[in-house]
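S.K.: Predicted model follows, preceded by the sequence.
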Amino acid sequence: MNLANDGATLFDWDYVLWEVRLKLLAAGFFIYLGVFLLAHWLSSCISASYRTLSGYEKVLWNLVITGALFGIQCCVAGLWALLKDPVFQADQVYSQQKWSWFHCLIAAGFFLYENVVIHVSNIVFRKFDMFLVVHHLFAFGGLFGLIINIKAGHYLPLMGLLLEMSSPSCCISRVLSKTGYGNTLFWKASQMVDIHMVHCRMVLIYHMWWVCISNWNDVVENLGLPYSVVFFLGLSTLTLILNPYWMYVTTQRLFGPVDWNSSNTAVKNGSSEKLNIETFQKKKI
């Protein structure tokens with residue numbers, strides 16, 4: 001894949017224009033909303049397990065499937081910036097590329113979609129996952145800052161997108177668990193991959209801090225004060241609270257089954273998991 005050459009076609013937009021930035025934001029929103037609705041339709045057609053889930057569980061199912069696809073996009077863009085792109089290798093503070101503009105704006109649309117779905121479902125089903133809400137608010141706030149501050153560098157936001165590397169493995173583990181395969185060798189393997197990805201996220205977060213501390217004055221000047229406050233508050237929350245919590249929860253799921261709809265509640269003696277397996281062994285998925 002050559003993102004530099006692709007920039008002459010797919011990524012060749014005038015990103016200075018508000019119209020272009022808002023169109024790509026809207027495109028990201030409706031593309032992933034479409035994936036969410038398509039996931040619901042396909043799951044309803046082919047999965048008996050899915051049809052037995054509650055409304056809120058169905059929303060979470062479709063969110064993780066959409067998030068997995070988004071995570072693949074983020075891995076491609078983030079790894080390209082981290083390991084390959086010479087512009088970002090030379091300048092990690094001020095550098096921008098047309099392809100990075102495209103991915104960041106589409107990603108902002110994705111997080112807008114997730115915030116809308118999460119808040120609407122919380123209201124409809126009277127649920128509230130503080131960690132999920134805080135995570136997506138900061139994610140959208142960080143990327144939305146790029147729409148306002150067109151001079152902001154893209155390396156750090158792209159590293160933020162690379163943090164979505166755990167989404168595909170999380171999706172596999174959740175779907176297997178909900179379809180009665182939460183005690184299989186394949187599920188355990190996918191959960192171990194998920195744990196590894198969450199630890200890799202922590203290493204990447206330290207890298208982001210290193211870039212920021214090494215270029216502190218330039219980073220603050222480039223981002224601007226309001227954007228800097230949002231960015232560093234979000235990064236601090238990820239470092240000290242969210243990612244350590246997710247490391248604990250993913251590890252806990254491997255060694256002791258946990259209710260996916262209440263991530264801090266362990267299932268005693270695995271009874272809920274066994275019941276789930278026994279139920280779905282009688283059905284075709």
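M.R.: Yep, it's here.
S.K.: Quick check: which ranges of the stretch 101-250 of the chain have low pLDDT?
M.R.: Within the stretch 101-250 of the chain, no range satisfies pLDDT under 70.
S.K.: pretty sure M192 contacts R253?
M.R.: No - using C-beta atoms under 8 Å, M192 is not in contact with R253, being 10.6 Å away. In short, each C-beta sits where N, CA and C put it, glycine included.
S.K.: Looking at the two, which has the bigger crowd around it?
M.R.: Using other C-beta atoms under 10 Å, the more surrounded residue of M192 and R253 is R253, with 24 against 15.
S.K.: Phi, psi for the closest residue to the more buried one other than its chain neighbours please.
M.R.: The shortest distance from R253 to any non-neighbouring residue, by C-beta to C-beta, 6 or more residues apart in numbering, is to Q191 (6.0 Å). With angles defined as degrees, to the nearest 10, Q191 sits at phi -70, psi -40.
S.K.: what about Q191, neighbour count?
M.R.: Counted with other C-beta under 10 Å, Q191 comes out at 23.
S.K.: center of the protein, which residue is that?
M.R.: Most central in the chain under C-alpha atoms, centre = their mean is E164, positioned 4.1 Å from the mean C-alpha point.
S.K.: what residues are up against it?
M.R.: The contact partners of E164, by C-beta atoms under 8 Å, 6 or more residues apart in numbering, come to G67, F70, G71, C74, C75.
S.K.: on that earlier part again, hmm, S173 and the residue nearest to R253 touching each other?
M.R.: Yes - applying C-beta under 8 Å, one finds Q191 in contact with S173, separated by 5.0 Å.
S.K.: what touches both of those two?
M.R.: Common neighbours of Q191 and S173, using C-beta under 8 Å, 6+ apart, are R253.
S.K.: returning to that earlier point: distance check, the residue nearest to R253 against T66.
M.R.: In this view, Q191 and T66 are 20 Å apart by C-beta to C-beta, to the nearest Å.
S.K.: go on, G28?
M.R.: Taken as C-beta to C-beta, the span from G28 to T66 is 12 Å.
S.K.: what's the answer for F29, then?
M.R.: Per C-beta to C-beta, F29 is found 12 Å from T66.
S.K.: more crowded one of those two?
M.R.: More crowded of F29 and T66, by other C-beta under 10 Å: T66, with 25 against 19.
S.K.: Assess the claim that that one and V35 are in contact.
M.R.: Yes - using C-beta under 8 Å, T66 is in contact with V35, at 4.9 Å.
S.K.: Quickly note the distance from the closest residue to I205 other than its chain neighbours to M208.
M.R.: Leaving out its chain neighbours, the residue that sits closest to I205 by C-beta to C-beta, 6+ apart is T239, at 5.4 Å. Relative to M208, T239 is positioned 9 Å away (C-beta to C-beta).
S.K.: Contact partners for K188?
M.R.: L254.
S.K.: Where does it fall, secondary structure wise?
M.R.: Take DSSP states H and E as the rule and K188 turns out to sit in helix 185-214.
S.K.: Report the buried residues of that helix.
M.R.: Across helix 185-214, burial judged by 16 or more other C-beta atoms under 10 Å covers 187, 190-191, 193-195, 197-198, 201-202, 204-205, 208, 211-212.
S.K.: Considering those, which is situated nearest to G141?
M.R.: Proximity of the buried residues of helix 185-214 to G141 (C-beta to C-beta) peaks at M208, which lies at 16.0 Å.
S.K.: Nice, that's everything, thank you.
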